[in-house]
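>>> Give me coordinates for this.
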Amino acid sequence: MNANQWIRQFHRWTSIVFTLSVIATFIALAQEKPIVWVSYVPLLPLALLALTGLYLFALPYLAKRRRPAAGE
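Alright, predicted model coming up:
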């Protein structure tokens, strides 16, 4: 498995973790006495998703730069 495939797989699993943490946050904050620190739990997966997502977004543009132009 090369680096691009690993990052893509990591991004997919992180999105699942993020979704579950958001659901858990909604449930925790809906309680009669909410636990406020739980609202910070989704921030780590969100930051990881942002980093890997930006990398995956830039991949096609970086690949174009590495390829020689048609007339060259």
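>>> Only C-alpha atoms from now on, for both contacts and neighbour counts.
Fine.
>>> Just give me the longest helix of this protein.
Scanning the chain for the helix with the most residues, using DSSP state H, yields helix 3-29.
>>> Packing partners of that helix?
helix 43-66 (3 or more CA pairs under 8 Å, 6 or more residues apart in numbering; DSSP states H and E).
>>> Could you pull out the buried residues of the helix it packs on?
45-46, 48-49, 52-53 (16 or more other CA atoms under 10 Å).
>>> In a markdown table: those residues, plus pLDDT.
Putting the buried residues of helix 43-66 into a markdown table (pLDDT from 0 to 100) gives the following:
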| residue | pLDDT |
| --- | --- |
| 45 | 97 |
| 46 | 97 |
| 48 | 97 |
| 49 | 97 |
| 52 | 96 |
| 53 | 96 |
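>>> who's in contact with the most centrally placed residue in the chain?
The structure's the chain has its C-alpha centroid closest to residue 49; by CA atoms, centre = their mean the separation is 1.5 Å. Contacts for residue 49 (CA atoms under 8 Å, 6 or more residues apart in numbering) come out as 11, 14-15.
>>> again with residue 37
By CA under 8 Å, 6+ apart, residue 37 has no neighbours at all.
>>> low-scoring stretches of the chain, by residue?
Low-confidence segments of the chain (pLDDT under 70): 68-72.
>>> Identify, from the contacts of residue 49, the entry nearest to residue 64.
residue 11 (22.5 Å; CA to CA).
>>> Run a quick neighbour tally on the closest one.
Other residues lying near residue 11 total 20 when counted by other CA atoms under 10 Å.
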